[in-house]
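A.B. asks: Okay, here's the prediction I keep looking at, along with the sequence it came from:
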Amino acid sequence: MSVPLSHILIVASLMFAMGLGCVIAWRANVIMMLIGIEIMLNAVMLTFVGGSAHWGIADGQLFSLMLMALTSAEVSLALAMVVYLHRRKQTVNTDRFDSMKG
Amino acid sequence: MEATVFYILAAILLIGTLCAITARQAVRAIVYLVVSFFALALMFYLLGAPLIAAFEVIIYAGAIMVLFLFVIMMLELESPEKLPKPRFSDWWPALALVVVVVGALAVLLLSHVRAVPPGFTDIPVRQFAYTLFKQYGVAVEIVSMQLLFALVGALYLGRRK
């Protein structure tokens, strides 16, 4: 495939910027913040796979596999946390979670 | 030919992500995101990573996004109009950060970067598996422990009193 590596990096960084914007703009909604984190992690995975294909070493693909495992663990914990928070206050609005217990 | 497909996929990816982050409901955002992850999986395939492409479809689009959908439907959120939408004052720091990232990118591209010759090498699955289990066997063990911890943590958080 004759696409320069820089174009892949451009796509990945634009996607990362979008994810960052999502986290910051939707900071009142926990679920949309998690979606923004997903977008950022996928951009990083694209960078890893692009580098791996460019240099012909499998390590980048391997790291994206590790990243997938990390993301599935993170998402399962974070969504369990969302369910727990929703059970406590009946909302996912972060502005409502402003007090610590204990 | 492959380059054309790549650019089309990149366009689908970016537009899908843009629609996802500006969607008014979380469910729509998830569906847009599934579309863009399919495009990303095809890009991985074009980049010579068929295994990662398959995992992207199976784990990301198939499992994680469906988990999001399950949680959104399970929570029975109050009518989506009540959730606070980002106003323009919420968007401008995000836009400022996006402008900073894009500006850094433009500076990098306009400066005289040493031209890297295009061209990608496919990595066979055999080499991938060999590296995974020979060189990074410890990492596999650590990841399995991490998944176990996440399972225990999710069970702990989700228990009913």
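C.D. replies: Good, I have the coordinates. Numbers count the residues shown, from 1 in each chain, chains lettered A, B, ... in the order given.

A.B. asks: contacts, neighbours, all on C-alpha from now
C.D. replies: Will do.

A.B. asks: For A:T91, give its distance to B:I72.
C.D. replies: As judged by CA to CA, to the nearest Å, A:T91 and B:I72 stand 12 Å apart.

A.B. asks: Which of these two has more residues huddled nearby?
C.D. replies: Neighbours per residue, other CA atoms under 10 Å in any protein chain shown: of A:T91 and B:I72, the larger number sits with A:T91, 21 against 18.

A.B. asks: what are the phi and psi values for that one?
C.D. replies: According to degrees, to the nearest 10, the main-chain angles of A:T91 amount to phi -160, psi 160.

A.B. asks: Report pLDDT for it.
C.D. replies: The predicted structure scores A:T91 at 77 on the pLDDT scale.

A.B. asks: next one: the one 3 residues further on
C.D. replies: Predicted confidence (pLDDT) for A:T94: 80.

A.B. asks: Which residue, neighbours along the chain excluded, lies closest to it?
C.D. replies: Of all residues not flanking A:T94 in the chain, A:A28 sits nearest, at 5.0 Å (CA to CA, 6 or more residues apart in numbering or on different chains).

A.B. asks: before we move on, what about B:I21?
C.D. replies: Distance criterion CA to CA, 6+ apart; nearest residue to B:I21, sequence neighbours excluded, is A:C22 at 5.5 Å.

A.B. asks: Just the element for the one you found, please.
C.D. replies: Assigned by DSSP states H and E, A:C22 falls within helix A:5-25.

A.B. asks: show me what contacts the residue positioned nearest the centre of chain B?
C.D. replies: Per CA atoms, centre = their mean, the C-alpha nearest to the average position across chain B is that of B:F37, at 6.3 Å. Applying CA atoms under 8 Å, 6 or more residues apart in numbering or on different chains, we find B:F37 in contact with B:L13, B:E56, B:V57, B:Y60, B:A61.

A.B. asks: Shouldn't it be within a helix?
C.D. replies: Yes: the assignment for B:F37 by DSSP: H, G, I helix; E, B strand; the rest coil puts it in a helix.

A.B. asks: if I look at it, how far off is B:I30?
C.D. replies: In this structure, B:F37 and B:I30 are 10 Å apart, going by CA to CA.

A.B. asks: which helices and strands does the helix or strand bottoming out on mean pLDDT in chain B pack with?
C.D. replies: Of all the helices and strands that make up chain B, helix B:88-110 has the lowest average by mean pLDDT, DSSP states H and E, namely a mean of 83. For helix B:88-110, the elements it packs on are helix A:5-25, judged by 3 or more CA pairs under 8 Å, 6 or more residues apart in numbering or on different chains; DSSP states H and E.

A.B. asks: residue boundaries of the helices in chain A?
C.D. replies: For chain A, applying DSSP state H gives helices covering A:5-25, A:30-55, A:59-89.

A.B. asks: With distance to B:K134 and mean neighbour count added, can I get these in JSON lines?
C.D. replies: What follows is the helices of chain A, written out as JSON lines (distance: least, CA to CA, whole Å; neighbours: other CA atoms under 10 Å in any protein chain shown):
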{"stretch": "helix A:5-25", "distance to B:K134": "28", "mean neighbour count": "22"}
{"stretch": "helix A:30-55", "distance to B:K134": "18", "mean neighbour count": "23"}
{"stretch": "helix A:59-89", "distance to B:K134": "12", "mean neighbour count": "19"}
